[in-house]
Each structure stands twice: as structure tokens, then as C-alpha cells.
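Engineer: sequence unavailable; structure follows:
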């Protein structure tokens, strides 16, 4: 099943877990519509044709949802009875940490083991350096920022571009660095607008004709910074909110490869008899982490990226 | 020179006019920064290296601007003196009809002949079926709408997507039709929200899980329609404003080809001794139209496209 | 049905003819596998779900084929009986002129009216300026030529790039012009290798460091020209045959729009009681032409394009 | 300087090393044309404008070359004198291991310290899991394979696609897995054509209508396999050699990020007084390795990828 916000790479992960679990002798099922489908019994045995030709498709063919009902015991019980009916004894969930915690509760109630594959474009799941969807999202942003740069450089204009990321500035930071933005504001880093003003004014005095600022959604600085540029730097400025454009697109090769590796790891984890493990990619190697170890943690951002990004905050 | 809002296809048009005018024995110059550069003498003889390797670049290497000073006689006089100084006797301007009218006034004052190449992503210049930049803009929109559709179909959600177009709904209409949108609102067509509600409700009752609506900026309906969908159809809905993403991107083959044809036509028009002519593509053939014939006209939209689009308005 | 070589734009044309014919009160069917499917009865009533979500997909969901059996009367009779069985009285075929001629013969035999929609990336169907698939093919070529240029300019190297086009150099010519190639060889235009050598040698003496030559498949000059560049210009040269890469890819907006217009025209043609008509786009307007008028004709290439291309042949 | 075959990511690496070394107080120079430029003194002080706006460009703005002259002492001496003349005391070279060995020899002769940044799309430099250019190459291949799949699935056809990789099958393996290819032949893995025939024949009997095989250049199996499919499986088959298409294209975000990290590491290595170190990314962390440790080693391929790929070889 897929759960939570959709992300590129979910489809390759679905295909891989279905194919590989069947290779190991299991009978895979598909849960449609996420947690809601678990309650409403949108469950069916997986056919080969269900997962053929999906590797290159964005989003998730299983659809996803956010379900409040799953917080209530009676609905979880309904979900458990659905699984019993189909003879399903183990779950693989592809999604974010909210979904993992929901299944952890489900395990406490009914002892249905699960394995979690991290997938969210925000890259904000603790314990793993990489979540499915991040690379595709970054390349979607790149294409749009490169396009906006054409216009900015043609018209002596500033553009403020808002990326997704409520608590985590990873998308904004990686995009700012790789697109050569002049400013980057994210929740994780302090910024000094006065220093930024001095730096940019000096650049403008030396001939800079346009500028690009990338801000993470979580800063809520898009509107403010746009007006600030007009006021302080006397430069025409526009705000572009990338929004859901970032979620879609055909998965990149990296997201497809990671989907295969996480998918195989998840099937292997359940096959070994483990439960409540999250697949993680940490310091270049793949492993599994018990979900309780992730509780209370926050996702860390690559310290080298932070160092490269700091000069854009001041 | 390029003037007004930037559009993909300007660079190939620059290259073509420089190369072709030189082939006919002229000495081409480049005016940087649009009308402002005419006044401020940002003018220099064109070198081959200036226009090599620019065919595939979005925006305009000559930069553009909107200049209020050009409305005043004294600044136009300054511009005229600059041209005199360089020995420039004819102008080619790549831009919108505002720029054409400005140069028409300039001709009235100082008798400097010009030829105009229509370039604006809104496709709203009267007298021509095509303006440079439109095809690239449509394909940029397509990529982003295709990406949003991945997410919409993964999450049982409605997306309202706002395209550029203050007075002209061409981008919205062509995008809605070619992306299979369910709703399209544009300034040119009346819409019936009650009929739309009945139609979509029926679709939803029959199993439709997501929907995409495309609205032209000029309707100012983005926010309203998003709330309307939530209220009336009880579907989660999000607004995406594509904004300046639409302007950029490497010119498509069509924009490059049209740039060459308009560019050659413009040089030929001046070479024949004509003046104040706008290059137009009308009913499949290329011709020139005196600018005064365009005054007061509005751009017409392809009637077949309108017919295909009408069912999306009710 | 779709027939002959596949082309981007076939899927939008299928969707449009199904939807629009149903709107007019017809019951549309889908013939799978082209002419072969007509003989083998791979025919089924079209469901809405068959044609939903296909607008953005390359190739043809109906699959295509080349069938020698259709040349024989008995197999055509089998095809006729299949149509009778389903109660199908009219055909729309999306393909090339070979397919149109086959259905013309079929009409002579059994009086089943048909309408033809031109679709082939070679753009070589007489009577129409545009065939579905051409714009997408040109943009696929553009992306790859732009990519090869990165390498050519990094390494002081010549690249010879072969495009599709057995008898028609349209793809090669349009690509050469819009990518700024230095040489273009096509079946339609005479070329003078000695003149080319003198021109390029002069460029090289003036500092040119790399060059790109585009040749149409039909010239069979790829290998020869690559060796010729090494021998005569003493420049490292590589041949790239683009091949089937050119056929695929998500249809561009232009191919989708043309598909809609041709699709509506084809349904309208049959609805008016016409038969054996080919949809054409000529000099900017849409019309229908009796197939017999196309016999013996060859497709003409845009004379402006030829003029722009000539300097690349000498 | 850049040296050897060009790769996407070289330009971001150039920009980063110039900017970061200047930040540390050094005066950076640019060597044009690789080793050849070192001999011929194509060397100049780096200006800010040289490296602005290059992040998104494929290939290398410094141009590259392969130089046999550098094997001779007298030419290396000339190179040394050129460096002396400019006051250049340290070198950063972005390229493959041939280039690193050449500079190692140069160091033996004249004690000019250098740092090497691995860049080659083949991913075949020992000691590092990643070389600049690989991710962009994989995504270029992906787009073209996805496009060919459109055609293959429309026409009941087999496609054999040859990727680059003389000794290393990484590109072919990663592409085969992530594009869902049915067959993959690489130099590293034994393959069993009879087993492949049995497997594919069974698939075809079960309804498979098309297939895609990806082979690494180094296997020299492209032509053979294409004929083999026609003979043994009675399926129409075509060969596509991707060639230099794979080298170009705007660098992906991953290649830009890796370029920054390698670039900073290289400057830091020289700054710390190290010499003859190659920057490597191994098991998820960045470090430097003395070049002599790499001698005689061969690049290893990710063992998980090999496991996923094995079923495609038999």
C-alpha cells in the first residue's frame, strides 16, 4: 500500500515489492487508497498486469489518502478483519512517518507485522538520508528554475521561488545551490536580511541585473521577501509558488534505483521475520531501523550542503 | 531589438535577422534593453559571436524592458540622435503591439522605418494567428499539467491551474483541450457554473476521482473556483498559478522555425523599402500588414478550438 | 484503427474520434493491431475507460502493423465479414498513404466508406502540409542534437546525425535549420561537397572548433560523410543514427491539437456521407481530399524552408 | 582543467572550484583544451564572468582533449614552464583516470601538486562509487528508452539498445533495471542465451508482444543479438546505438550537487598541502585517496544492482 502524500518512485517500489515477494514464494496483494482502503477493503490479489508498464509513471497507481478514521480502534479492527478475510499476514507501506506510526499502532493492536519504505518529497523522515521522490522533485524544480532564469535574465527582474517543505528546507537548499540562486531562506538556517541587502546591493552596483531567491514553504517568507526586494533593492520582483508541480513527473533513474533497493529490503525484512522496521539509507548503506528509534528524532540535513548554503542566508 | 515581455523564439529571431541582413549586404546592430536601450544608447555593431550558440536559449540575449520615457518626445529625440550617430537607418523590433505602436510614433516623429515581429506568449496580437513564444509556452504548461495530473490522480483531488493571459484565453483553451481538463474558464467564453456542477457531480457519481480545471489569468477566477469545488463538489482542491514558468524554456522547433520565417520576412520588408509593417502568419501564409490596420482590432481565436473548448465551460 | 508506422499524436486522435463520434450518436469500435486486426477480428466496442488518460502517451494504444495478407481478396473478405458481424459500417484509419490505398481497395470491394487521418513522422503524405507525429519527432531530435552539441563543443569534434526520412528530407531540413547545423544533406536538394569543403575549411581557419551535419536516412550518406570529414577536414568525426528514438515521446501540444482537428474532420466527413476522403491541412486550412487525387503525387516541402536550407548544401 | 571524455557536471565543478578557491584567498586560473592546452599555454586567469551562468550547461566550457604529446618529457617540460610563467603552483583536474595518471607523471617530473575530480559517464574509475556525469547520462538514456518503448509497444517489436561502456556495464545495468528491460548483457556478467531464449519464448507464448534488450558497448553484442532475436524468437528486431547522446544534456541536480562536493574537497585537499589525491565517494562518504592506491584496481559495481540484474542475463 501507499499512504500519505504521493511521491515519484512509489510505482517502481510497488512493482519491485510485488515481483520480488512473488519470487520468494509469497502471494502479494494490493491495497488501494491507502489507510482508507484498508478500512474499506479496497484490497485485491496483485496480477502481473497490474504492475507492468508502471516503472516510468509518476504518483502512485494504488492511490493514496490521509485517513482520520484509522485513529479509531473500531476502524482499525475493521481493517484487521479485512486482512484476515484475504489471508494477508504482513504489510508493506510506502509513505511518510505518519503512516509508519499508524501501522505501528495497528501492530500494537493486532500484531500484523509491517515494513516501511520512506517516500516523501520533503526528505524529512528521520533516520534516513534519502526518501523516494526527492530526486525527481529536485529535477522538476530545476527545470522550472532554469526556465524562470531565462525570463529573469531577459528582464532585469528578481524572482522569489517557493518550494515545498513545511519543516524541512532540503528541497530549497539543494535547489538554491544547484541553480546558482543568490538567496535561500529555510527553517533550519538563520538568515540576516540586512547582510543580504548589503551583499546584493554591492552586486547590483557591480552590474548584477537579475536575481533568484529560493525559499522553503515553511518559512512563510515568499510574499514578504518579494515586497522586501522591491522596497530595499528597488528591483521589480515576482513570486512563483511551485506547489504541486514538484510532486509529479516520471521518476528519475535515481528514484527508480532507490525504489528497487528499498523494495527488496522491505520484502527481505519481513521474510526474515522482522517487524516494525523502516528501510533507511544512511551514510551510503542500506539497513533497517526499528520504528521506535525514529520517534522524537528529526531528519538531519547533509552538513556539507548546509555549509555550501550558508553564504546564501547572509 | 526586443521589447515588451520576453518570449521563447526571440533569440532565434535575433540570430536570423542578423545573419540574413548581413547576407543582403547590411551592417546589423544590436540594441540592448529594448526601448530603454534606444534612449540610453545601449547599441553596438553585431558580431558573429554575439549571435552564435543562441538558437536554443530561452528569453532574449538582448534583454527587454518597458519604458515610460519613450512616451516623451525629448527621449525619443535622444533615441533618434543615437541612431544617427551609429548610422542606423532602419529598425527591426521583436515584441508585442505596445512596442509596435511606440515605434509607429517614432516613425511619425523621425521617419525611421521599422518592421515588427510579433512575439508574446499570450498570442494576443491582432492580425496574426501566431506569435513567437506561444508553442514553447504551451509545451511548458503541458509538462507541468501532466506532472500535476500524476498527483491529482494519486490523491482524489481537484487542481485549478491558472495560465497567463490577461485578455486572451488562448493558452488556457489550448492547454485545457490538449491535457484533457474537465473545466476551462477564459475571458472569451461564457461559462455556466451550475451546468458545470451538474456535469461534474454526475461524473463523480460515476466514479471520477480527480479533476483538472484550467483558468486564464484574466478571469480572476482561480481562488474562487478552488473554493467553489470544495464547497459544491466536496472535493479537496488546490490552486496552482503557473506564472513565469510559462515564459521560459528552450524554444521548441516550431518557435525556432517561425522565428526564421518572421525574421527573413522582416528583413525583406525593410529591404523592399516598406515601413511600419508587422509580419503576420494568417490562414497558413506569411504576409506583412501595415500597423494602422491592426489598430483597434482584437486578436481572434481559432474557431475550431473554441468549438472544442465550449463543452468545458458548461 | 491505426495502421503503418506509429507516430505521436495517434492516441489523441483515437480519443477524439471516439469521443466526438459518440457525441454525434454513433457507437464507436476499436480495431486493434491495424489491418491485421481487421482480418483477425481484434475488434471491440470502445469503452470510455479505453480512451481515458491516453492523450499524453506516445505511440498508439491500438497497436499497429503492416499486413501483406490484406493484399489478398480472401483476407479482405474476412475483414468485411468481421465488420458485418459487429455492425460496423464506416472506418476511420490513422496512418500513412499505404494504409489509405489499402482501404481504398477495400472500398472498391465492399463499399465500406472510410476517412483517413495522415500520421507519419516522415511528413511525406501528398496533399497535406502536416502529418501527425512530425512536431513531436522534431522536438525529440532537437533535444538529442542539443545534447550532442554539448559534447561536440567540448571536444573539437564533428558529429554527423542521421534522421529518419527515406524519401523525404523534411525532418533533416527542419532540424538542421533550427539547430544551427553547418551541413544538411537530403534527397530533395543537390549538394556540392567541394563547395562545402571550401566553406567549412574557411570557417575552421577562422576558429571554428566543431561542426554538426544532419543527413536524411534516404541519402545513405551517413558513413561516407563521417569518413569524408575526417579525410578532408582532418577533424575527428562521429556518426549518430537517431533511429526509433524519433518516433516516441509524449505528443507535443501541436500534435495533440492537430489530432483533435483531424479527428473531428474525419468524423464529420463520414457523418456528411462522404467516403474515401483524406483529411489535409494545406496552406493553413483544413479540408478533405479524395484519395484518388493524391495518387501519383509526392509531398512538397515548404519552399521557404528549402531556401533557408540551401546554403547548408554547398 | 578538464581532461578526457566530457561529462555533464564538469561545468558546475569548474564553477565551484573557481569560486571556492577564490574564497580561500587563491587566484584561480583556467586551462583550456585539457592537457593540450597545458602544453600550448591556453591558460588565463579566471574571471567571475567566465563561470557565471554555466551551472546548467552540459559538456565543459573549458573544452577537453586527449593529448599524446603529454607522454613525452619535452612537452611536459613546456607545460611546466607555462605554469611557472603564470605563477601557477597547484592543479585541479576534472576527468578520468588516464588524466590522473598523466598528472601523476607530471608530479614525478616537476613536483606540481594536483587534485583529481572523477568525471566520466562510464562510472569506471576505481576507488569511487560515483563519477560526475553518470546520473545525467542515465537520465538521458531513460528518456530515450522510454521513447523507444512507445514504439516497441505499438508495433510488436524488439529493440536492442546499446549504451556506452567499454569495460564497465554500469550504464547498461542501471538502465535495464530501471526501464524494465527484459534482457541485459554486460561485460561483467555471464549470460546464457539458451536460457534467455527459453524464458522469452515462454513470455511470448503467454502474450508478450514486445521486448527491450540493453547491451553495453563493450560486449559487442548489439548486431548479433538483434539478428538472434529475429532468428530464434521470430520477432522483428531493431538496433539503436545511443552513442554520444548519452554524454550531453543539462546536468541533473545530483550531478550538480556531487560536483560541488567534489569541487570543495579538491580545493580543501590542495589547501591542506596534500598532493596526488583523487576525490572519491565511497560507501556514502567523501574522502581522498592517493592515486597510487588506485593503480591496478578496477571499479566495482554495486552488488545489489548486480543481483537485481542477474535474472536479465539468463
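Structural biologist: Thanks, I have the structure now. The model shown is predicted, which means the values in this text are computed figures rather than measured ones. Numbers count the residues shown, from 1 in each chain, chains lettered A, B, ... in the order given.
Engineer: how much space separates the residue in chain A positioned nearest to chain D from residue D:290?
Structural biologist: Across chain A, the shortest distance to chain D (C-beta to the nearest C-beta) belongs to residue A:284, at 1.5 Å. Heads up, the C-betas are built off the backbone N, CA and C, glycines and all. If you measure residue A:284 against residue D:290 using C-beta to C-beta, to the nearest Å, the figure is 21 Å.
Engineer: next structured bit after the lowest-mean-pLDDT helix or strand in chain A?
Structural biologist: Across the helices and strands of chain A, mean pLDDT, DSSP states H and E gives its lowest value to helix A:291-294, namely a mean of 89. Moving toward the C-terminus from helix A:291-294, the next helix or strand (DSSP states H and E) is helix A:303-309.
Engineer: anything in that following helix near chain D?
Structural biologist: Yes. In this structure, helix A:303-309 sits against chain D according to C-beta under 8 Å from any C-beta of the partner chain; the contacting residues are A:304-305, A:308.
Engineer: contact residues of the stretch 201-314 of chain A facing chain D?
Structural biologist: In this structure, the stretch 201-314 of chain A approaches chain D at residues A:250, A:252-254, A:256-257, A:260-261, A:264, A:281-286, A:304-305, A:308, judged by C-beta under 8 Å from any C-beta.
Engineer: give me the subset of those residues that lies in helices.
Structural biologist: If you go by DSSP state H, these have A:253-254, A:256-257, A:260-261, A:264, A:304-305, A:308 in helices.
Engineer: which members of these are the farthest-apart pair?
Structural biologist: The most widely separated members of these, counting by C-beta to C-beta, are A:264 and A:308 (32.7 Å).
Engineer: quick one on the thing from earlier: do you know how far the closest residue to the residue of chain A closest to chain D other than its chain neighbours is from residue B:257?
Structural biologist: Taking C-beta to C-beta, 6 or more residues apart in numbering or on different chains, and ignoring the residues beside it in sequence, residue A:284 has residue D:284 as its nearest neighbour in space, at 1.5 Å. For residue D:284, the distance to residue B:257 under the criterion C-beta to C-beta works out to 48 Å.
Engineer: what of residue A:172?
Structural biologist: The span separating residue A:172 from residue B:257 equals 38 Å under the rule C-beta to C-beta.
Engineer: isn't the residue nearest to residue A:284 right up against residue A:282?
Structural biologist: Yes. Using C-beta atoms under 8 Å, residue D:284 and residue A:282 qualify as a contacting pair, with a distance of 7.5 Å.
Engineer: spell out whether stretch A:4-12 and chain B are in contact.
Structural biologist: Yes. With C-beta under 8 Å from any C-beta as the threshold, stretch A:4-12 lies in contact with chain B, specifically through A:5-6, A:8, A:10.
Engineer: any part of that stretch near chain C?
Structural biologist: No. Using C-beta under 8 Å from any C-beta, no contact is recorded between stretch A:4-12 and chain C, whose separation bottoms out at 14.3 Å.
Engineer: residue A:189 looks like it's in a helix, true?
Structural biologist: No. Read with DSSP: H, G, I helix; E, B strand; the rest coil, residue A:189 is coil and lies in no helix.
Engineer: for it, what are phi and psi?
Structural biologist: Listed backbone geometry of residue A:189 is phi -120, psi 140, with angles given as degrees, to the nearest 10.
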